[in-house]
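Participant: I'll drop the sequence and a predicted model, then ask my questions.
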Amino acid sequence: MKTKAVVFYSLCLLLIARLNTAALDKRQQLNIPPKPEVQALVNQAVSLAEADKPWAAIAAIRKALSISPDYLRAHIEYRNIKVNFLGRYDEVENEYNNLIRQHPNNPVYLMAVYYHSNGEFGREFLQRIVELAPEWTWAHYARALLIKKDDPEGAAIELKRCIEGDSSALAAYNLLIDLQEKRLHKIDDAIRTAERLAAQTDIRPSLRLLQLWRLGLVKAQQPDDAKLALRNKLEQIAKSTNQIDVLSAVRQAYADLLDDSQSAELIANRIRRIDTTWTPDRGWIFTQIHTNQSGVPRYVVLVNRQLTVNRRVKEITDSISAVPKQKIRQLEALLAFAPSLPMRRRIYEEIFRVAVVSRNATTARRYGSRLYDIDPDDSALLSQLALVFADNRSHLAQARYLAAKAEKLTFEFRRAKRPLNTSQSFFDEIFPVEEQRKQYEKNRALALEALGWVLVQLGNVQKGETYLRQALAIGRTEHRLERLSVALERLGRTREAAIVRAEESALLAASIRRNLISEKLIDLQFQPMAGLGFKLSDLSGKVVLINFWATWCSPCMLELPILERLYAQYKDRGFEVLAISTDEDLYKVQTFVSRNKLSFPVISQPALKKTFGIEEVPVSLFVDKQGTLRYRKLGFEYGDEREIEFVIMELLR
């Protein structure tokens, strides 16, 4: 028995030794560089993703991982492409959670998850990596992250060790440069690190060269001679290469470091001649937080051409020179560019918002239906659509169904569901329970308002009044008061209706008073198209509305007749309108004024647009009797005439 016990004990020791040797071999293998063919596959995958071929990129990455399963960069790029280029955060998280469960002692999976987590998984992941493979190159990076706050010198040493083991460890270079520049205040050390980074030709030029160029300007504190030297260097590089990646880095340096958009565009045009599919957004990843109509936030990632579409959406929605129908047409045109699912949803949401504001029932119905298919829990979407139908007295049966469904969805508070491709920890951080409760109250009030107003329009006024009053008990708004006043009128309770309308007017007036400003204006000279010139000071004692407009501006065409009516109504009380055309073509202005018989002074001085800092039209500036700018209004939409009139009355008091 004793002999058997000794043999069994010896076998156990041998097995443990073999396991330890295998674990040691595994940790040692982690530091072996991947084969060139594997690195080439990963580089190919990155290029494919940036060429809008993400699934081909995934295939290349999978091939690389089949050869080198523990190649960290391959895992990092795999996650990057899946999450950012394909919008499959939930899918890739499940993949790596399973890998970590199956291989709990593999630090590569832990580092791959941490790398893109924005700190979500925290110190425990980093500590586990260090414990599992203390001599692994990337364990030095993990250790640096753990100690950088309290020991930046020690973190710098660890990062240098990481770079020694993996010369393409971009994250380690960037963190080391940041520590050397900002925490240790060793700019020369930072430049030396940047020089080493710049020499790594397997890293994209825009990621390895810009740091060095930027630090050169930082060290020189950006005097003109340093900028000139950088400009000369960029010109030499541009002349010596046709490599798109290098030229892209040069273009970015012109734009970001020298603030020279003209030179940047010249380089961009040259790149386009080499590759007609190239765009400045190629390879860029942009993250945003968007909310649905109910205020529930979601994480949105846009890449490549989607950034161009995103900028165009913002230009359209921010424009004050287009009427709603024009904006809707322009936004719909962007759908022809095959936007990604997140971008397409954003376009739907913007079209729906414009349709709701302009009470365009047909468009609101079309895009509201598409949004409902995406997010059936969005109660505010249903409420807004029901209100548009009720305002137009159209589709009232459907409006009642939608409003009743919104009321049911908001009957009691429920915690919001985490949107797809948004991590739970991130969602909890940006939308905590207390914020959810506040948003719920708004959504509940909107649902009650929608149901009440639909019932009023259907003729069930008494029941509709009950719901409207419940909505007002949660939050008093002008629209709710206006709708309640209509309900009371229909019930024959005119005195109550008058009291409600007075409160509605008081709310609007209070809102305007909160937005009053006080800016002294210079005493400008105006030269009307008809009559003698005058100065602003000549109008002292009058309330003056200075309106910037143009003949090509659709909202201006809606606003000017209203200004004509208000001018006729209030001019005897000391109200003046100065309509400043920004058109360069004087004949167009003269023709328009003659055709529309405008009675207030029309001034054709486009240069005044720059004087007042006006970028788009229409813009109205309200000047009080003392010549002080008190209110600024951008754009014009139907219904804005009440706001304009209230400002006039407030300043005439």
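Facilitator: Nice, I can see it.

Participant: host element of the residue nearest to residue 614 when sequence neighbours are not counted?
Facilitator: Leaving aside its sequence neighbours, residue 614 sits nearest to residue 548 (CB to CB, 6 or more residues apart in numbering; 5.0 Å). Yep, even glycine has a C-beta here, placed from its N, CA and C like the rest. Using DSSP states H and E, residue 548 falls within strand 543-549.

Participant: from the chain's centre, how far out does the next helix or strand after that strand sit?
Facilitator: Using DSSP H and E, the helix or strand that follows strand 543-549 towards the C-terminus is helix 554-570. Taking CA atoms, centre = their mean, to the nearest Å, one finds helix 554-570 lying 35 Å from the centre of the chain it belongs to.

Participant: let me see the ranges of the strands in the stretch 51-200 of the chain.
Facilitator: In the stretch 51-200 of the chain, no segments count as strands under DSSP state E, counting those that start in this stretch.

Participant: so where's it shaky on pLDDT?
Facilitator: 118-121 (pLDDT under 70).

Participant: where along the stretch 1-150 of the chain do the helices fall?
Facilitator: 2-29, 36-50, 54-67, 72-80, 89-102, 107-115, 122-132, 137-147 (DSSP state H, counting those that start in this stretch).

Participant: among those helices, which is nearest residue 454?
Facilitator: Closest approach to residue 454 among these (CB to CB): helix 89-102, 37.0 Å.

Participant: on the three-state scheme, the residue nearest the centre of the chain is what?
Facilitator: The structure's the chain has its C-alpha centroid closest to residue 288; by CA atoms, centre = their mean the separation is 4.3 Å. Assigned by DSSP: H, G, I helix; E, B strand; the rest coil, the conformation of residue 288 is strand.

Participant: for residue 149, grab phi and psi.
Facilitator: In terms of degrees, to the nearest 10, the main-chain angles of residue 149 are phi -70, psi -40.

Participant: got it, and residue 477?
Facilitator: Backbone torsions of residue 477, given as degrees, to the nearest 10, read phi -130, psi 160.

Participant: distance of it relative to residue 257?
Facilitator: Going from residue 477 to residue 257 by CB to CB, to the nearest Å gives 48 Å.

Participant: do I have it right that the residue nearest to the centre of the chain meets residue 298?
Facilitator: No. Using CB atoms under 8 Å, residue 288 makes no contact with residue 298, being 9.3 Å away.

Participant: just the helices in the stretch 301-450 of the chain please.
Facilitator: Using DSSP H, counting those that start in this stretch, helices in the stretch 301-450 of the chain cover 305-318, 324-334, 341-357, 361-374, 379-392, 396-409, 424-430, 433-458.

Participant: could you report the neighbour count for residue 434?
Facilitator: The number of residues packed near residue 434 is 8, by other CB atoms under 10 Å.

Participant: got a pLDDT number for it?
Facilitator: Residue-level confidence at residue 434 comes out at 97, pLDDT.

Participant: what lies in contact with stretch 355-363?
Facilitator: With CB atoms under 8 Å, 6 or more residues apart in numbering as the test, stretch 355-363 has contacts from 324-325, 328, 351-352, 354, 364, 367, 384-385, 387-389, 391-392, 394-395, 637-638.

Participant: could you do stretch 515-533 as well?
Facilitator: So stretch 515-533 is contacted by 534-537, 578, 580, 589-590, 593, 601-605, 608, 611, 623, 627-632, 650 (CB under 8 Å, 6+ apart).

Participant: for it, C-alpha coordinates in CSV please.
Facilitator: Presented in CSV, the C-alpha positions along stretch 515-533 are these (Å, rounded to 0.1, in the frame of the first residue of the first chain):
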residue,chain,number,x,y,z
ASN,A,515,-35.1,84.7,-22.9
LEU,A,516,-34.7,88.5,-23.1
ILE,A,517,-31.1,89.7,-23.5
SER,A,518,-29.3,93.0,-23.2
GLU,A,519,-26.7,93.8,-25.9
LYS,A,520,-25.7,97.4,-26.9
LEU,A,521,-25.7,97.8,-30.7
ILE,A,522,-23.4,100.1,-32.6
ASP,A,523,-25.1,103.1,-34.3
LEU,A,524,-25.3,101.8,-37.9
GLN,A,525,-26.2,103.7,-41.0
PHE,A,526,-29.1,102.3,-43.1
GLN,A,527,-29.9,103.2,-46.7
PRO,A,528,-33.4,102.1,-47.7
MET,A,529,-34.2,101.4,-51.3
ALA,A,530,-36.8,104.2,-51.1
GLY,A,531,-36.3,107.3,-49.1
LEU,A,532,-33.4,108.9,-47.3
GLY,A,533,-30.8,107.2,-45.3
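
Participant: quick check: buried residues in that stretch?
Facilitator: Neighbour-count burial for stretch 515-533 flags 521, 526, 528, 529 (criterion: 16 or more other CB atoms under 10 Å).

Participant: residue 72 and residue 112 touch, don't they?
Facilitator: Yes. In terms of CB under 8 Å, residue 72 counts as a neighbour of residue 112; the distance is 6.4 Å.

Participant: more crowded one of the two?
Facilitator: Counted by other CB under 10 Å, residue 72 and residue 112 do not tie: residue 112 has more neighbours, with 25 against 22.

Participant: any idea how far residue 432 is from that one?
Facilitator: 29 Å.

Participant: repeat for residue 333
Facilitator: According to CB to CB, residue 333 and residue 432 sit 39 Å apart.

Participant: ok, residue 67 next?
Facilitator: Separation of residue 67 from residue 432 (CB to CB): 45 Å.

Participant: cool, and residue 494?
Facilitator: The gap separating residue 494 from residue 432 is 46 Å, by CB to CB.

Participant: report pLDDT for the residue nearest to residue 462 when sequence neighbours are not counted.
Facilitator: Leaving out its chain neighbours, the residue that sits closest to residue 462 by CB to CB, 6+ apart is residue 491, at 6.8 Å. Note on residue 491: pLDDT of 97.

Participant: how many residues are close by residue 491?
Facilitator: Count around residue 491 with other CB under 10 Å applied: 15.

Participant: same check, this time on residue 150
Facilitator: 8.

Participant: and what of the one 10 residues further on?
Facilitator: In terms of burial, residue 160 registers 16 neighbours under the definition other CB under 10 Å.

Participant: how about residue 495?
Facilitator: Residue 495 has 7 neighbours, counted by other CB under 10 Å.

Participant: against residue 488, how distant is it?
Facilitator: Separation of residue 495 from residue 488 (CB to CB): 9 Å.

Participant: now do residue 214
Facilitator: With CB to CB as the criterion, residue 214 and residue 488 are 66 Å apart.

Participant: the more surrounded of these two?
Facilitator: The residue with more neighbours, out of residue 214 and residue 488, is residue 488; 21 against 18, by other CB under 10 Å.
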